[in-house]
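Novice: have a look; sequence and predicted model below, questions after that.
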Amino acid sequence: HIDYVVKYHRKAQRHRLLTVAARFKRKRRRSKMARLTAQNVETIPYGPLGIIAMPGCEAFADKVDKYLVEWRKTQALEHQGSIAFYGYQRETYKINISNPRFGSGEGKAVINETVRGYDLYIVTDCFNYSVTYNMYGMTVPKSPDDHYSDLKRVISAASSKAKRISVIMPMLYEGRQHKRSSRESLDCAMALQELVNLGVENIITFDAHDQRVQNAIPHKSFENVMPTYQMIKAIVNTISDLNVDKDHLMVISPDEGAMNRCIYFATQLGVNLGMFYKRRDYTRVVNGRNPIVEHQYLGDSVKGKDIIIVDDMISSGESMLEVAKKLKDLGASRIFVCTTFGLFANGLDVFDEAYKNGVFEKVFTTNGVYQTPELLKREWYQSVELSKYVAYFLDTLNHDLSVSSLLDCSGKIDALLRKKGLKSVSYTHLRAHE
């Protein structure tokens, strides 16, 4: 009897240890991957997942769809027979739509398959001018207003049928018209209110020009995602001889508006921060703005250091290149430009000339907006991929799980820098890891 009791207690203790070990392994796997649903499905899906790619977003949506199809082949297999997981594993999650136009240019949206009860995610790029339509015999490129109108048409076509509608708009429509000065329209706020009034529950955007615009829709979900990890990963994978320390690297904000994102960027890299102040001529208005007279630098010496200029977007690029030239005049070494979106509204020639003259080393922007084939061929350009990050969000939101771990990438950035040997492992970190 005593032998049996001892044997039983040893077996129970071994079982407890194995249980704790398994729990620890699961926890480690989760910490490595922000997407909780990949390893352990804890909630049923909100509804069958559906992805609608607006015109111009097909390639981006294809990448997102490919990740989801691959992940869900082995995800939640034990629930395959459950009615709550109907349509969970599919060959594609894309929903077929069309946006025909009348000869006058008027449009409509048609959803070509059922979306009843679906958890719909509509992906749109309002800045893809490669999409065209015919009007009175002319070929017309779609403006941001055209894309936004088509988005509303699709939402209208899905209303009362889909269980939930979310919009993924990497670059926020009218994001630069986020505040009113005198007698101006408040376009971004009006657009957000229109979308939620049409039935949109979640709006996901990247690096909003001013995220306070979400105050226009206080009772709906608005996620402003910062692709800092994706940017830093692209930099350290592209620039092999980058030294990440205060003696060799600095982060520079091109203006006051970019300070918050630059503070976070510099903090994650553990380097110093500098900024430029835009001195404007408030007696004149050119193209709706007070023209910039001069960029004045504030901060530590940049002499001999590599510089990372961080901002939300490149429009024409003139202001960004002027900042880079100023830094070169101050003795900076290599200059890397990192912006979430690259519009290059005035073409690529000005950047070609600046690169030829050694003004900058590399430009990094995401594929959240349209990239021309000519841009992708440039030696000085590096595209930063967002599709996998967006797939994480779709998979997590479809299970109604928290996205907090996706929004905070501090741990992933730290692990990346240590893996690349760009950040030393302290004794405190080792103890915490143990």
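Specialist: That came in fine, so what should we check first? Residues are numbered from 1 along each chain as shown.
Novice: now do the closest residue to residue 89 other than its chain neighbours, the pLDDT please.
Specialist: Leaving aside its chain neighbours, residue 89 sits nearest to residue 72 (5.3 Å; criterion: CB to CB, 6 or more residues apart in numbering). Using the backbone N, CA and C atoms, a C-beta is placed for each residue, glycine as well. Here the pLDDT value assigned to residue 72 is 91.
Novice: cool, residue 36 as well?
Specialist: We note a pLDDT of 49 for residue 36 in this prediction.
Novice: quick one on the thing from earlier: where does the residue nearest to residue 89 fall, phi/psi-wise?
Specialist: Dihedral pair for residue 72: phi -80, psi 0, per degrees, to the nearest 10.
Novice: give me the number of residues near it?
Specialist: When neighbours are counted by other CB atoms under 10 Å, residue 72 registers 21.
Novice: going forward can the numbers begin at 47, since that is how I track them
Specialist: Happy to do that; since the first residue is 47 now, the last one works out to residue 118.
Novice: so how far is residue 98 from the spatially closest residue to residue 125 that is not a sequence neighbour?
Specialist: Excluding the flanking residues, the one nearest residue 125 by CB to CB, 6+ apart is residue 131, at 4.5 Å. Distance from residue 131 to residue 98, counting by CB to CB, to the nearest Å: 21 Å.
Novice: between these two, who's got more neighbours?
Specialist: residue 98 (29 against 19).
Novice: so what's that one up against?
Specialist: When contacts are counted by CB atoms under 8 Å, 6 or more residues apart in numbering, residue 98 touches 107, 140, 141, 143, 157, 166, 167, 168, 169, 200, 204.
Novice: so of those residues, which ones are in helices?
Specialist: Using DSSP state H, the members of those that fall within helices are 107, 200, 204.
Novice: residue 237 versus the second one, what's the distance?
Specialist: Using CB to CB, one obtains 15 Å as the distance from residue 200 to residue 237.
Novice: can you check residue 99 too?
Specialist: 20 Å.
Novice: and what of residue 115?
Specialist: Residue 115 sits 32 Å away from residue 237, going by CB to CB.
Novice: same deal with residue 388?
Specialist: 22 Å.
Novice: likewise residue 401?
Specialist: 36 Å.
Novice: try residue 197
Specialist: Taken as CB to CB, the span from residue 197 to residue 237 is 10 Å.
Novice: so where's the stretch 247-396 of the chain uncertain?
Specialist: Applying pLDDT under 70 to the stretch 247-396 of the chain flags residues 326-329, 332-339.
Novice: tell me where it has strands.
Specialist: 267-271, 295-299, 318-326, 338-344, 352-360, 381-388 (DSSP state E, counting those that start in this stretch).
Novice: in a markdown table, list those strands along with distance to residue 253 and mean neighbour count.
Specialist: Formatted as a markdown table, these follow (distance: least, CB to CB, whole Å; neighbours: other CB atoms under 10 Å):
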| stretch | distance to residue 253 | mean neighbour count |
| --- | --- | --- |
| strand 267-271 | 7 | 19 |
| strand 295-299 | 14 | 25 |
| strand 318-326 | 18 | 17 |
| strand 338-344 | 22 | 13 |
| strand 352-360 | 5 | 23 |
| strand 381-388 | 4 | 26 |
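Novice: for the stretch 247-396 of the chain, what spans make up the helices?
Specialist: Here the stretch 247-396 of the chain has its helices, by DSSP state H, counting those that start in this stretch, at 274-284, 305-315, 364-375, 395-402.
Novice: so which of these is nearest residue 227?
Specialist: helix 364-375 (19.3 Å; CB to CB).
Novice: follow-up on the earlier one: and residue 197 and residue 237? Which one has more around it.
Specialist: More crowded of residue 197 and residue 237, by other CB under 10 Å: residue 197, with 26 against 22.
Novice: that one belongs to a helix?
Specialist: Yes. Counting by DSSP: H, G, I helix; E, B strand; the rest coil, one finds residue 197 located in a helix.
Novice: check the gap between it and residue 453 for me.
Specialist: 24 Å.
Novice: please apply the same query to residue 469.
Specialist: On the measure of CB to CB, residue 469 and residue 453 end up 22 Å apart.
Novice: between the two, which one's more packed in?
Specialist: Higher neighbour count among residue 469 and residue 453: residue 469, with 19 against 13, using other CB under 10 Å.
Novice: sec struct for the residue nearest to the more buried one when sequence neighbours are not counted, please.
Specialist: Setting aside the residues directly before and after it, residue 469 is nearest to residue 463 in space (CB to CB, 6+ apart), at 3.8 Å. For residue 463, the secondary structure call by three-state DSSP comes out as helix.
Novice: for residue 463, what are its contacts?
Specialist: Contacts of residue 463 were listed using CB under 8 Å, 6+ apart, and they are 278, 282, 290, 315, 469.
Novice: try residue 297
Specialist: The contact partners of residue 297, by CB under 8 Å, 6+ apart, come to 308, 311, 312, 315, 317, 318, 319, 320, 353, 354, 355, 356.
Novice: out of those residues, flag the one nearest to residue 448.
Specialist: The closest of those, once distances to residue 448 are taken by CB to CB, is residue 311, at 24.4 Å.
Novice: residues in contact with the closest one?
Specialist: 274, 277, 278, 297, 354, 356, 384 are the contacts of residue 311 under CB under 8 Å, 6+ apart.
Novice: and with 7 Å instead?
Specialist: By CB atoms under 7 Å, 6 or more residues apart in numbering, the contact set of residue 311 is 274, 297, 356.
Novice: gap between it and residue 395?
Specialist: The value you get for residue 311 to residue 395, if CB to CB is used, is 29 Å.
Novice: repeat that for residue 128.
Specialist: Distance of residue 128 to residue 395, computed by CB to CB: 58 Å.
Novice: what about the closest residue to residue 455 other than its chain neighbours, neighbour count?
Specialist: If the residues on either side of it in the chain are set aside, residue 455 comes closest to residue 275, at 3.8 Å by CB to CB, 6+ apart. When neighbours are counted by other CB under 10 Å, residue 275 registers 19.
Novice: in JSON lines, list the contacts of residue 463 along with distance to residue 214.
Specialist: Shown next, in JSON lines, are the contacts of residue 463 (distance: CB to CB, whole Å):
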{"residue": "278", "distance to residue 214": "22"}
{"residue": "282", "distance to residue 214": "27"}
{"residue": "290", "distance to residue 214": "32"}
{"residue": "315", "distance to residue 214": "28"}
{"residue": "469", "distance to residue 214": "32"}
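Novice: report the buried members of those.
Specialist: By neighbour count, with 16 or more other CB atoms under 10 Å, the contacts of residue 463 hold 278, 282, 290, 315, 469 as buried.
Novice: out of those residues, who's nearest residue 345?
Specialist: Using CB to CB, residue 315 is the member of those that sits closest to residue 345, with 15.2 Å.
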